[in-house]
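Participant: coords please:
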Amino acid sequence: MIASLFNKSRPLNYAIISLLLVLFYFLYLTQYPEWTEYYTTVIQKIGLLVVLTGSLFLVRFVTKRNGLSKDNSYAPFLFLLFHILFPSVLVNTNIILANFFILLALRRLISLQSLITPKEKIFDASLWIFVATLFHFWSILFIVLVFVSIVFHVSRDYRNWIIPFIALFTVGILFTLAVIAGERDLLFIVLDKAYISFDFTYFENIYQNIALAIFSSIAVLFFVTQLLALSNRPLNMQSSYKKVLFSFVLGVGIYVLSASKNNSFLAFTFFPLAVMGTNFIESLDNKWVRESVMYSLIAISFFIFFAQVL
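Facilitator: Residues are numbered from 1 along each chain as shown. Here you go, the predicted structure:
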């Protein structure tokens, strides 16, 4: 039983999830065999796989460390299933890197509730968000979550409101130095992505359209149920769950605003949706309902993946 297997946080579970990630990653890459012709692209693809694996463990760390779920491995497994549902994420270098840095930022922002070294956490989160912006410009929307977190926890100290601007200045200086050093293309690459587009007619095949429709339905279900359950959360945890809900909204915002749109831009919603999905599954008292939900998600993700690969 899948739900029973991932109901505990065991090393075996994370080994299974990691192996599945490696398997589906290389299965999808079989569509682009040219990457094997040069050692530089081989190194790049292996490096991206390492970043994806790191993202999985970041999801596990953030959910467990901040008490966003019970002691299980549903969140990283759902995070993996969303990548399988939208396999175009697996070959989008900029999105993989940007989302990894956003996860690092969320790790710091969600842990801000402890009020331990808040200034360092605000700076780190802001820094990672601005670094993510260099890979996908509209990642900058997550800076809103920094100010929301300040409002929740440390709004009385005026210095906390200045810290994000210090992080912006730091990244700006480093970026300027890189451009001056000869990487002038970096400036045009970043500016080229700073456009807004509401063109949603990008689908290359019907399965991408189906995947988006299914994902949207799942997202609405998870989001609404967790929004309604928010008042039942412990008072000391409500701000953390609000940040998860808010990060999902920001992730959707990135997808809506981004130019040259494709399904991989939804990657910014994967973490908050995995957390919400975990809470939803945990709330199901009936064992068979939990199993049905898990098997349905797996079947849908696998079908959409193989329909696009084969």
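
Participant: shaky segments in the protein?
Facilitator: By pLDDT under 70, the low-scoring segments of the chain are 3, 182-192.

Participant: would you list every one of the helices in it?
Facilitator: Assigned by DSSP state H, the chain shows helices spanning 2-5, 11-29, 39-65, 74-85, 93-110, 118-135, 143-153, 159-180, 185-192, 206-228, 238-257, 270-282, 287-309.

Participant: could I get the ones you listed as CSV with distance to F198?
Facilitator: Every residue, glycine included, has its C-beta placed from N, CA and C. As requested, these are arranged in CSV below (distance: least, CB to CB, whole Å):
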stretch, distance to F198
helix 2-5, 38
helix 11-29, 28
helix 39-65, 28
helix 74-85, 23
helix 93-110, 19
helix 118-135, 21
helix 143-153, 20
helix 159-180, 27
helix 185-192, 18
helix 206-228, 15
helix 238-257, 7
helix 270-282, 22
helix 287-309, 25
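
Participant: which of those sits closest to S264?
Facilitator: In terms of CB to CB, the element of the helices of the chain nearest to S264 is helix 93-110, at 5.0 Å.

Participant: and that closest one, how far out from the chain middle?
Facilitator: Centre-to-centre, helix 93-110 and its host chain are 7 Å apart (CA atoms, centre = their mean, to the nearest Å).

Participant: for it, buried residues please.
Facilitator: Within helix 93-110, the residues that count as buried by 16 or more other CB atoms under 10 Å are 94-110.

Participant: just stretch 4-20 next, same as before
Facilitator: In stretch 4-20, the ones that count as buried by 16+ other CB under 10 Å are 6-7, 9, 13-14, 16-18, 20.

Participant: what about it, start to end distance?
Facilitator: End-to-end distance of stretch 4-20 (CA to CA, to the nearest Å): 18 Å.

Participant: likewise stretch 152-163?
Facilitator: Start-to-end, stretch 152-163 (CA to CA) is 16 Å.

Participant: all numbers from here: first residue = 37
Facilitator: Done: numbering now begins at 37, and the last item shifts to stretch 188-199.

Participant: quick one: that stretch to chain centroid distance?
Facilitator: 26 Å.

Participant: take the buried residues of stretch 40-56 and lay them out in CSV including distance to K323.
Facilitator: Below are these laid out as CSV (distance: CB to CB, whole Å):
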residue, distance to K323
F42, 13
N43, 10
S45, 19
N49, 18
Y50, 23
I52, 20
I53, 22
S54, 26
L56, 23
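
Participant: in those, find the pair that's most separated.
Facilitator: N43 and S54 (18.5 Å).

Participant: of all the helices of the chain, which one is nearest N299?
Facilitator: Comparing the helices of the chain by CB to CB, helix 242-264 comes nearest, at 5.7 Å.

Participant: report the angle between the closest one and helix 110-121.
Facilitator: Orientation of helix 242-264 against helix 110-121 (axes from the mean of the first three to the mean of the last three CA atoms, to 10 degrees) gives an angle of 150 degrees.

Participant: show residues contacting helix 242-264.
Facilitator: 118, 121-122, 124, 239, 277, 280-281, 284, 299, 302, 305, 309, 312-313, 315-316, 319, 333, 336, 340, 343-344 (CB atoms under 8 Å, 6 or more residues apart in numbering).
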